[in-house]
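Colleague: coordinates only, sequence not included:
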C-alpha cells in the first residue's frame, strides 16, 4: 500500500466514524428550558393529578413535569370552564423540540422549524405532519387530572 492509498483509507475511516456523532448532534432537541415542575399527586382510575386548577392562568400554558422520566405536559384552558382544559405533550412531532405557547395567537410554535399546533395539538402548519400527543383531562376537587390516550 502506498502513501496515497493509506491516506484515502484513513480519511474514509475518519469520516465514517464521525458520521454517527454528527447525526446524533443534529437530531437532539435544542430546547432544554426548565418548566414549572410538579410530581404526580395521586392516581385514580388511570388518571394522575398533575396540578392545582388555581395554577392555570388565562391565555397561558402551564407546563408540568411528572413521573420518574420527567414527562412534560402543557395545560391550557379556562378555570371557570373545566371542560375547556386541554393537556398536550409539548414535544414537536417533527424533530422532538419542545414547542412554546404563544399567548397572543393561542397556539404552540416549534422554535426549531416553526411548525404550529392549535391549542388542542392539531397541526396548523408544518413541517410537522402529526398532531401533538393529547391527554384526557378531568377536574376533581380543584385538581387537574390527566390520563394518556391509548
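Modeller: Looks like it came in fine. Model, not experiment: these values are computed from the prediction.

Colleague: residues in contact with residue 110?
Modeller: Residue 110 is in contact with 92, 94, 97, 99-100, 116-117, 128, counting by Cβ atoms under 8 Å, 6 or more residues apart in numbering. The way it works is simple: take the backbone N, C-alpha and C, and place the C-beta from them, glycine included.

Colleague: Counting neighbours, which of those residues comes out on top?
Modeller: Neighbour counts for the contacts of residue 110 peak at residue 99, which has 27 neighbours (criterion: other Cβ atoms under 10 Å).

Colleague: and the nearest residue to it once chain neighbours are set aside, how many neighbours?
Modeller: Leaving out its chain neighbours, the residue that sits closest to residue 99 by Cβ to Cβ, 6 or more residues apart in numbering is residue 108, at 3.9 Å. Neighbour count for residue 108, taken as other Cβ under 10 Å: 25.

Colleague: what helix or strand does residue 108 sit in?
Modeller: Using DSSP states H and E, residue 108 maps to strand 107-109.

Colleague: any idea which helix or strand comes after that strand?
Modeller: With DSSP H and E, the next secondary element past strand 107-109 is strand 116-118.

Colleague: Output the contacting helices and strands for that next one.
Modeller: Counting contacts by 3 or more Cβ pairs under 8 Å, 6 or more residues apart in numbering; DSSP states H and E, strand 116-118 packs against strand 107-109, strand 123-125.

Colleague: Thanks a lot, catch you later.
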